[in-house]
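> here is the input, now give the coordinates:
(2 chains)
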Amino acid sequence: MTNTNCEYVRELYPDILHGRADAAMSARVRAHVASCDECLADTAVLDQLYARQIAVPAGLEARTITAVRNRRTPRWYVGKSELLMAATLAAALIGGSAIVQMHSDDVKNLRPTPAVQRSTPSGIGSVGVEEAMISGKSSLEDLSVEQLQKLLGEMES
Amino acid sequence: MVNIAFQAAEDSNPTDDAALIARARAGDAHAVDLLVRKYLKDVHAVTSHLLGDYDLAQDAAQDAMVNAVNGLQRFRGDSSFRTWLLRVAVNAARSVGRRKTRRREVSIELVHEAAADEPDVAMMAVRHDEARRATEMLKQLPEKQRMAVTLRTQQGLNYQEIGALLDCTEGAARVNYHLGIKRLRELMR
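The predicted structure follows:
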C-alpha cells in the first residue's frame, strides 16, 4: 500500500472496529497495518478511543424516561385521552352554566313583584313589617327614616 | 481500496426503528421508553464529548430525548433515526452549554469495554491506562476535530453524517477527523 492508502486505512479503520467492513478488506487492512509504522500508530490511537466508551450515569435512564413521560405535550400530540378530557370539561362548563342560568331565573321568580313592595310602606303596621322582613333589603331600603324608626319601635315593644 | 464493502449501514435496525417510531407517534408510551433506552447511551456520549461536563452532559442528554420525542413528527426519514437523534443531541448540548450557570469540573465517568478474551490482567491495565490517556488528550482538540474523531471512532458515523451533525461539509468532516487523529498522535508522544 502507498501513503495514499495509509490515509484510507486511517479513514476506514473505524468501520473495521464497528464490524462494518467485510472480512477480506479487514484482512488486507490489518496486513498493511502490521507492516506500516505510521498506520500502526494511527490505529493504536483509534483502538484506544474505540475501547473507551462513556457509560450512562446511574439513574440517568430512569430520570430521562420520567422526563419524557412528563414532558409538555406539543400541539400535534393530542391523544384520545386528551380529547376525551377536553370534551368532558367542555360539557361540564356548558351544563354548569345552564344550571346556573336556570337557578338565577328561579330566584327572580321567587322575588316579590314591585306591586307588593310598593304596598309595604303604606301598610307599615303588623302585616307591613312582616312583608318587609321577608322581602329583605330592597324593601327596607324603600322605607323612609320615620318608617324605619317606627318599625324598630314596634320590634322593641 | 476505496471499494470497501459494508455489512450494514447502521448499527441500529432501521426496520425496528421505523416500527418503534410509528408506535411512539401513535402515543405508545412503551415504544417511547424503548427508543429512550436504545439510544440514550449514544446521545449521552455525544453531549459528554461536546460539553466535557458530567452534570451538563446529563441535562443535555435528557433535554435531547424530550425534544426528540416531542419532535418525532418532524422526523422525515431523510437520514437514519440515530443520525437525526444525534443531531438533536448536538443542538441540546449547545443550548445547555449556552445557558449553563454552573460548571463543576468532575471528570466524566468512563468504562473500559475490554474484550472478553483479554489474556492478561496486567496487559489489560496497561491498555486501560492508554485508553484513558487518549481520551484525556482528546479533550485538548478543537471542538470540530474532537467531535469528528469521536463520532467516527466511537459512534461509527460516516463523514456525511458527521458533516450533517457538525454543520459542515462531508469533506470538512473528513479533514477534521484526519487533523484530529494527527494531533492526538502528537499529543500522545
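> distance check, the residue most central in space within chain B against chain A.
The C-alpha lying nearest the average C-alpha coordinate of chain B belongs to residue B:46 (CA atoms, centre = their mean; 3.5 Å). As judged by CB to the nearest CB, to the nearest Å, residue B:46 and chain A stand 9 Å apart. Bear in mind the C-beta positions are built from the backbone N, C-alpha and C, glycine included.
> I'd say residue B:170 and residue B:160 touch.
Yes: with contact defined as CB atoms under 8 Å, residue B:170 counts as touching residue B:160 (4.7 Å).
> quick revisit: the residue nearest to the centre of chain B sits in which helix or strand?
helix B:29-51 (DSSP states H and E).
> where do the helices sit along chain B?
Per DSSP state H, chain B carries helices over the ranges B:14-25, B:29-51, B:54-70, B:81-99, B:121-138, B:143-153, B:159-166, B:170-187.
> quick one, the third one and helix B:29-51 angle?
Put plainly, it is helix B:54-70. In terms of direction (axes from the mean of the first three to the mean of the last three CA atoms, to 10 degrees), helix B:54-70 departs from helix B:29-51 by 140 degrees.
> mind saving the C-alpha coords of helix B:54-70 as CSV?
The C-alpha trace of helix B:54-70 is given here as CSV (Å, rounded to 0.1, in the frame of the first residue of the first chain):
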residue,chain,number,x,y,z
TYR,B,54,-20.6,15.5,33.9
ASP,B,55,-23.8,17.2,35.0
LEU,B,56,-24.4,19.3,32.0
ALA,B,57,-23.9,16.3,29.7
GLN,B,58,-26.8,14.6,31.6
ASP,B,59,-29.0,17.6,31.4
ALA,B,60,-28.4,17.9,27.7
ALA,B,61,-29.0,14.2,27.1
GLN,B,62,-32.3,14.4,28.9
ASP,B,63,-33.3,17.5,27.1
ALA,B,64,-32.3,15.9,23.8
MET,B,65,-34.6,12.9,24.4
VAL,B,66,-37.5,15.1,25.4
ASN,B,67,-37.0,17.3,22.4
ALA,B,68,-36.7,14.3,20.1
VAL,B,69,-39.9,12.7,21.4
ASN,B,70,-41.7,15.9,21.1
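> mind giving me the packing neighbours of that helix?
helix A:60-69, helix B:29-51, helix B:81-99 (3 or more CB pairs under 8 Å, 6 or more residues apart in numbering or on different chains; DSSP states H and E).
> now the longest one and helix B:14-25, what's the angle there?
The reference is to helix B:29-51. 110 degrees.
> circling back to that earlier point, give the buried residues for the helix holding residue B:46.
For helix B:29-51, the neighbour count (16 or more other CB atoms under 10 Å in any protein chain shown) marks B:31-33, B:35-36, B:38-51 as buried.
> can you check stretch A:9-20 too?
Going by neighbour count (16+ other CB under 10 Å), the buried part of stretch A:9-20 is A:9-18, A:20.
> does that stretch reach chain B?
Yes: Stretch A:9-20 is in contact with chain B by CB under 8 Å from any CB of the partner chain, via A:10-12, A:14-15, A:17-20.
> redo the residues you listed as TSV? Include distance to residue B:97 and secondary structure.
Putting those into TSV (distance: CB to CB, whole Å; DSSP: H, G, I helix; E, B strand; the rest coil) gives the following:
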residue	distance to residue B:97	secondary structure
A:10	30	helix
A:11	29	helix
A:12	32	helix
A:14	26	helix
A:15	30	helix
A:17	29	helix
A:18	28	coil
A:19	33	coil
A:20	31	coil
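> please identify which pair of those residues lies farthest apart.
With CB to CB as the measure, no two of those lie farther apart than A:10 and A:19, at 18.1 Å.
> what about the residue lying closest to residue B:145 once chain neighbours are set aside, how many residues nearby?
Closest residue to residue B:145 apart from its sequence neighbours, by CB to CB, 6 or more residues apart in numbering or on different chains: residue B:180 at 3.5 Å. By the measure other CB atoms under 10 Å in any protein chain shown, the count of residues near residue B:180 is 24.
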